[in-house]
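# this is a predicted model, with the sequence first.
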Amino acid sequence: MLVASAAMKTCLVVYALPERQWSWSVALADDADVAAALVAARAQAHDESVPWDADVGIFGEPCGRGAVPRDGDRIEIYRPLRSDPKESRRARAAARRAAPGPASSRLRTPKS
């Protein structure tokens with residue numbers, strides 16, 4: 001008697017730094033979630049420099065670890081931000097206001 005095998009899917013787990021990129025192809029049960037994909041990738045990785053507990057997403061869309069990816073999905077491990085984007089914008093705006101010269105010379109002009 002033949003026994004039907006459980007449905008499987010393959011996903012790609014990726015992590016990137018400016019100087020290096022990692023990717024792991026993982027075979028998962030059809031009902032496996034992102035957390036299971038990360039466990040499978042970590043077993044292949046043997047690299048503790050990857051932040052396995054960081055935020056994740058599927059094809060650029062942030063998701064939780066309980067999300068169920070589809071066959072062929074790319075699961076991305078996100079790097080933490082180096083600085084708060086809002087604070088960076090405030091600092092740039094303050095620097096522009098403090099710069100000497102007429103205000104109009106510090107403003108960007110739209111390109112036509």
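Looks like it arrived, so ask away. Residues are numbered from 1 along each chain as shown.
# which residue, other than its chain neighbours, is closest to A36?
L28 (5.9 Å; Cβ to Cβ, 6 or more residues apart in numbering). C-beta: built from backbone N, CA, C; applies to glycine.
# so who does that neighbour touch?
M8, K9, T10, C11, A36, A37, A40, P69 (Cβ atoms under 8 Å, 6 or more residues apart in numbering).
# in a strand, C11, correct?
Yes: assessed with DSSP: H, G, I helix; E, B strand; the rest coil, C11 lies in a strand.
# show me what it is bridged to.
Per DSSP bridges, the residues bridged to C11 are V26.
# who's in contact with it?
S25, V26, L28, A37, P69, D71, G72, D73, R74, I75.
# out of these, which sit inside strands?
S25, V26, L28, R74, I75 (DSSP state E).
# just want the most central residue of the protein.
For the chain, Y78 is the residue whose C-alpha lies nearest the centre (Cα atoms, centre = their mean; 3.1 Å).
# give me the distance between A43 and P85.
34 Å (Cβ to Cβ, to the nearest Å).
# and for V13?
For V13, the distance to P85 - Cβ to Cβ - is 26 Å.
# which one's more surrounded, the two?
V13 (27 against 8; other Cβ atoms under 10 Å).
# that one and V39 touch, don't they?
No: the pair formed by V13 and V39 falls short of the contact definition of Cβ atoms under 8 Å, at 10.0 Å.
# picking that back up, neighbour-wise, which of the contacts of L28 leads?
Counting neighbours by other Cβ under 10 Å, A37 comes out on top of those with 27 neighbours.
# picking that back up, go through the contacts of L28 and say which is closest to A93.
P69 (39.8 Å; Cβ to Cβ).
# quick one: contacts for the closest one?
K9, C11, L28, A32, D33, V34, A37, I58, I75.
# Q21: which element?
Using DSSP states H and E, Q21 sits in strand 20-29.
# next, the buried residues of that strand.
For strand 20-29, the neighbour count (16 or more other Cβ atoms under 10 Å) marks W22, W24, V26, L28 as buried.
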